[in-house]
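Trainee: the amino acid sequence is not available; the structure is as follows:
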DNA sequence: ACTTTTGTTAACAAAATTGTTAAACACAAA
DNA sequence: TTTGTGTTTAACAATTTTGTTAACAAAAGT
């Protein structure tokens, strides 16, 4: 793999997968097995590397989810696929959203461009329609979305803490997470 | 207020409330309106300040929750109080758990002492009993706990992101969160 | 009153992190 | 072979952040 790509992948792995948010350029370089100067050569500065991988990670997730959300298939099926896709991405990069929040809280570079998501609005409308039809329990669609993302994300994000508190092995925890897709679907269409 | 306490409170505010995880000693000192050297005077090093406020924040939360979990009151009532207490703490320090995870991921100082929580085990047993009785839908109590914490925490943690994506005001978002206590209770005892 | 302890500050030193430069390297095209 | 271009590296410089010291002020104890 060319080293520019290697550096980006490594940075993503450290930030989004390992959850190592404080990673220095030296640590990223070491993890990638390249000379630290290469980071400056390809990305000019640490901050630009941050911005690059951040943008890529968000875009990649967004495009995948948008595709599913705009798909013209029955709601129940759509939701099933959506959970599949999102949880697959979640397991790949558990800390992507956390990183995003951290960035929003510290600097403000994430806020500028972010705006009301059209795909999300579309999804909300669809949820509202399903509630009308009686497929879903009536309520504010926003809470439905809150619930959905919460049930998927939170146990994954909290892995290192919960594993300790519950005193269970990595494998057992993984199995628990794997079970959740079905459970969430059931809970939603109870 | 004495300055030692002031520094700790300010650090907690920056870390756990503002979500500003990268705060330097200078920034903490500025926010507290004290000379930076005072941080070293009282806490020796930045790392020890970290450890101190981290420990205090975890202890404080844990002791409050344990008290509720061990209380000998009907389950439904206990759960209602638990949600109350936890969400109150959540709104005070939305990023406390995120901070915890970040620390566990980077350094390892959090892992050493953490062990299977007795209160949590007790809670799990109690949940299992309620499932037997039919008060709760049968299933793995761990998933019940996953769901409970997820539904409470996640929308709060994601505030800055969701506010943008949904394009709603701070006040509206606050109102949505406030609604959730009741919604969660209903969802659980559906 | 004076001595000791505690709190506070600025100035300095040390360490960690980032950014730059120039030279070496690789290797394809002229 | 040479020239050109993109890549890689070590050495250095700059910056940022942290930690220390010594001097001074305030409070407490004797």
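Mentor: On my side now, so go ahead. Given the structure is predicted, the values throughout are model-derived calculations rather than measurements. Numbering: from 1, shown residues only, chains lettered A, B, ... in the order given.

Trainee: from chain B, how far out is residue A:69?
Mentor: 12 Å (C-beta to the nearest C-beta, to the nearest Å). No exception for glycine: its C-beta is placed from N, CA and C like everyone else's.

Trainee: tell me which residues of the helix or strand containing that residue are tucked away?
Mentor: Using DSSP states H and E, the element containing residue A:69 is helix A:46-70. Buried residues in helix A:46-70, defined by neighbour count with 16 or more other C-beta atoms under 10 Å in any protein chain shown: A:49-54, A:57-58, A:61, A:65-66, A:68-69.

Trainee: could you pull out the strands for chain A?
Mentor: Secondary structure of chain A (DSSP state E): no strands located.

Trainee: for it, give me the ranges with low pLDDT.
Mentor: Scanning chain A for pLDDT under 70 picks out A:108-114.

Trainee: does DNA strand D sit close to the helix holding residue A:69?
Mentor: No. Taking C-beta under 7 Å from any atom of the strand as the criterion, helix A:46-70 and DNA strand D are apart, separated by no less than 11.0 Å.

Trainee: helices or strands next to that helix in the packing?
Mentor: Secondary-structure packing of helix A:46-70 (3 or more C-beta pairs under 8 Å, 6 or more residues apart in numbering or on different chains; DSSP states H and E): helix A:3-12, helix A:25-32, helix A:36-43, helix A:75-92, helix A:96-106, helix A:118-133.

Trainee: can you tell me which of those helices is most buried?
Mentor: Of all the helices and strands packed on helix A:46-70, helix A:96-106 carries the top mean neighbour count, a mean of 21, counting by mean count of other C-beta atoms under 10 Å in any protein chain shown.

Trainee: check whether that helix contacts chain B.
Mentor: Yes. Judged by C-beta under 8 Å from any C-beta of the partner chain, helix A:96-106 and chain B are in contact via A:97-98, A:100-102, A:104-106.

Trainee: number of nearby residues for residue A:165?
Mentor: 17 (other C-beta atoms under 10 Å in any protein chain shown).

Trainee: surely it meets residue B:116?
Mentor: Yes. In this structure, residue A:165 is within contact of residue B:116 by C-beta atoms under 8 Å, at 6.8 Å.

Trainee: which bits of chain A sit near DNA strand D?
Mentor: Near DNA strand D, when you scan chain A using C-beta under 7 Å from any atom of the strand, you find A:2-3, A:34-35, A:37-38, A:41.

Trainee: would CSV of the residues you listed with distance to chain B be doable?
Mentor: Formatted as CSV, the residues of chain A next to DNA strand D follow (distance: C-beta to the nearest C-beta, whole Å):
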residue, distance to chain B
A:2, 28
A:3, 25
A:34, 22
A:35, 24
A:37, 24
A:38, 24
A:41, 25
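
Trainee: which pair of these spans the longest distance?
Mentor: A:2 and A:37 (16.1 Å; C-beta to C-beta).

Trainee: what about residue A:186, how many residues nearby?
Mentor: When neighbours are counted by other C-beta under 10 Å, residue A:186 comes out with 11.

Trainee: which ones are touching it?
Mentor: Contacts for residue A:186 (C-beta atoms under 8 Å, 6 or more residues apart in numbering or on different chains) come out as none.

Trainee: could you measure from it over to residue A:86?
Mentor: 17 Å (C-beta to C-beta, to the nearest Å).

Trainee: what sits closest to residue A:181 if chain neighbours are left out?
Mentor: residue A:83 (5.4 Å; C-beta to C-beta, 6 or more residues apart in numbering or on different chains).

Trainee: do residue A:7 as well
Mentor: residue A:32 (5.2 Å).

Trainee: so how far is residue A:163 from the one you found?
Mentor: From residue A:32 to residue A:163 the distance is 28 Å (C-beta to C-beta).

Trainee: one more: residue A:146?
Mentor: For residue A:146 relative to residue A:163 (C-beta to C-beta), the value is 25 Å.

Trainee: who has more neighbours, those two?
Mentor: residue A:146 (24 against 19).

Trainee: how far away is the more buried one from DNA strand C?
Mentor: 35 Å (C-beta to the nearest atom of the strand, to the nearest Å).

Trainee: again, but for residue A:39
Mentor: Taking C-beta to the nearest atom of the strand, one finds residue A:39 at 7 Å from DNA strand C.

Trainee: my guess is that residue meets residue A:26, correct?
Mentor: No. Residue A:39 sits out of contact with residue A:26 when judged by C-beta under 8 Å, with a separation of 9.1 Å.

Trainee: what's the neighbour count on the closest residue in space to residue A:91 that isn't next to it in sequence?
Mentor: Nearest residue to residue A:91 in three dimensions, chain neighbours excluded: residue A:156, at 6.8 Å (C-beta to C-beta, 6+ apart). Using other C-beta under 10 Å, residue A:156 has 20 neighbouring residues.

Trainee: perfect, I'm done here.
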